[in-house]
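> have a look; sequence and predicted model below, questions after that.
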Amino acid sequence: MIIGVLKDAEPEHRVALIPENVKSLLARKVSVLLEQGAGTNAFYPDESYIEAGATILTRTEVLEKSDLLVQISEPDETLIATLKTNQVWLSEFKPLWHKNLVNAFLRAGISSFSMDAVPRTTRAQAMDVLSSMATIAGYKAVLDAASHLPSFFPMFMSAAGTIRPANVLILGAGVAGLQAIAIARKLGAQVEAFDVRSAVKEEVMSLGARFVEVEGAKEDAAAGGYAIEQTEEYKRKQQEAIDQHAAKANVVICTAQIPGRKAPLLISKEVVARMQPGSVIIDLASSTGGNCELSEDNKSVVHHGVTIIGQSNYPAQMPKDASKMFGKNVSNFLDLLITEDGQMSLNFDDEIVRGTCITHQGEIINERVKSVID
């Protein structure tokens, strides 16, 4: 089996496998080809891959010789059309959102796997790139907010007077939200957090934040820990509570997303206008519409003195450790596809393999994706 590692296009700086992953794959009797410069932006030079046992080739050569191709982000439809039907594609291409890519894989007859579709089970935790990357996003979001806020996060008492701590509101207490809470608290801020899932209340409070509770939330155990669409009555009460707390916050970090759907709108432009000048909003959901009405993906805008930063790919700004975490997740998943003699075996009796597979032999395998593709 030959695995080819492709270089992601700018502004993505991560690489899907790092040199230590190459060593573990070679131990499994697998050959690894690397597109020249694939790891350079993540601070893993070609020389480090050569030392680990990989072969450095051009992009064309990697595409031609590999059985399985892996990169971080989604391919374009032109690339998919050039793949051979016996090749396998692995990346994080968000099939619930990028339905055109699913159809492109179907037309090309390619077996495709998307790492963001890994089932959220105990056994699959070691392959969960969403959690790994959300950890980075939550961490980086707070640091970015602190660097843009024109005041301190912690309380300061000095002869020049007392500086009150910043008030931080976290919308969504998933992995990114919980990490954001932890970092904001370490920086000395007063933190509040909101989530429709009551089950996260204890985790929020254990990190030293106050949980903003709105009664009447609908929850679904089958959603795998994700938030689900709520009733109109709940949305009204939710909006009233968020409006009140956001208007008083110095920093709002938005992390709320629903897989396959537009991100819920939680911060209106009217609420932004009521916030204190100098306040900062970080919107991690900006690529799917944003939790703030004024968010623009990969842009920073100012409205009534409030800075709104739409940033859906903070991991690309921490490429070295982000690549290490992503690569370990991918390597753990690849272990399920590799036989003892180093060959590829797609075992669809394995729930993780089947759940992560999007297309195979002209059919959609993932049930959730199948339900949304026309």
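Okay, I see it.
> the residue of the chain most remote from its centre and residue 150: what is the separation?
Computed with Cα atoms, centre = their mean, the residue of the chain farthest from its C-alpha average is residue 159, at 44.3 Å. Using Cβ to Cβ, to the nearest Å, one gets 22 Å for the distance from residue 159 to residue 150. To be clear about C-beta, it is placed using only N, CA and C from the backbone, and glycine gets the same treatment.
> residue 368 too?
For residue 368, the distance to residue 150 equals 44 Å [Cβ to Cβ].
> which residue of those two possesses the greater neighbour count?
It is residue 368, of residue 368 and residue 150, that has more neighbours when counted by other Cβ atoms under 10 Å, with 16 against 11.
> any residues touching the helix or strand containing the more buried one, and which ones?
Element membership for residue 368 (DSSP states H and E) is helix 367-372. For helix 367-372, contacts defined as Cβ atoms under 8 Å, 6 or more residues apart in numbering pick out 95, 96, 99, 102, 117, 259, 260, 358, 364.
> which residues sit in contact with residue 151?
Taking Cβ under 8 Å, 6+ apart as the definition of contact, the neighbours of residue 151 are 163, 166, 250, 278.
> now restrict those residues to buried residues only.
Neighbour counting by 16 or more other Cβ atoms under 10 Å classes 166, 250 among these as buried.
> using JSON lines, please lay out the contacts of residue 151 together with pLDDT, distance to residue 348 and secondary structure.
Converted to JSON lines, the contacts of residue 151 look like this (pLDDT from 0 to 100; distance: Cβ to Cβ, whole Å; DSSP: H, G, I helix; E, B strand; the rest coil):
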{"residue": "163", "pLDDT": "90", "distance to residue 348": "59", "secondary structure": "strand"}
{"residue": "166", "pLDDT": "97", "distance to residue 348": "50", "secondary structure": "coil"}
{"residue": "250", "pLDDT": "98", "distance to residue 348": "50", "secondary structure": "coil"}
{"residue": "278", "pLDDT": "97", "distance to residue 348": "54", "secondary structure": "coil"}
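> and which of the contacts of residue 151 is nearest to residue 15?
residue 166 (35.4 Å; Cβ to Cβ).
> coming back round to it: now the helix holding residue 368: mean pLDDT?
Across helix 367-372, the average pLDDT comes to 92.
> list the buried residues for it?
Across helix 367-372, burial judged by 16+ other Cβ under 10 Å covers 368, 369, 372.
> just the CA trace of it, in CSV.
Output in CSV follows, covering the C-alpha atoms of helix 367-372 (Å, rounded to 0.1, in the frame of the first residue of the first chain):
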residue,chain,number,x,y,z
GLU,A,367,-26.2,7.4,6.3
ARG,A,368,-26.4,11.0,7.5
VAL,A,369,-24.9,12.2,4.2
LYS,A,370,-27.2,10.0,2.2
SER,A,371,-30.2,11.6,3.9
VAL,A,372,-29.3,15.1,2.7
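> now do it: distance to the chain's middle.
Helix 367-372 has its C-alpha centroid displaced from the chain centroid by 20 Å (Cα atoms, centre = their mean, to the nearest Å).
> same deal with stretch 237-251?
On the basis of Cα atoms, centre = their mean, stretch 237-251 is displaced by 25 Å from the centre of the chain it belongs to.
> in that stretch, which residues are buried?
238, 239, 242, 245, 246, 247, 249, 250, 251.
> who touches that stretch?
Taking contacts as Cβ under 8 Å, 6+ apart, the residues outside stretch 237-251 that touch it are 142, 145-146, 149, 151, 166-169, 171, 184, 189, 192, 194, 196, 212, 214-216, 230, 252, 266-268, 271, 274-276, 278-282.
> can you give me the helices in the stretch 151-300 of the chain?
For the stretch 151-300 of the chain, the helices identified by DSSP state H, counting those that start in this stretch occupy 175-186, 201-206, 232-248, 269-274, in order along the chain.
> where in the stretch 201-350 of the chain is pLDDT low?
For the stretch 201-350 of the chain, the stretches flagged by pLDDT under 70 are 216-230.
> and the strands in it?
210-212, 251-254, 280-283, 299-303, 306-310 (DSSP state E, counting those that start in this stretch).
> what helix or strand is the closest residue to residue 366 other than its chain neighbours located in?
With sequence-adjacent residues excluded and distances taken as Cβ to Cβ, 6 or more residues apart in numbering, residue 366 is closest to residue 358, at 5.1 Å. With elements taken from DSSP H and E, the one containing residue 358 is strand 357-360.
> residue 90 too?
Secondary-structure element containing residue 90, defined by DSSP H and E: strand 88-91.
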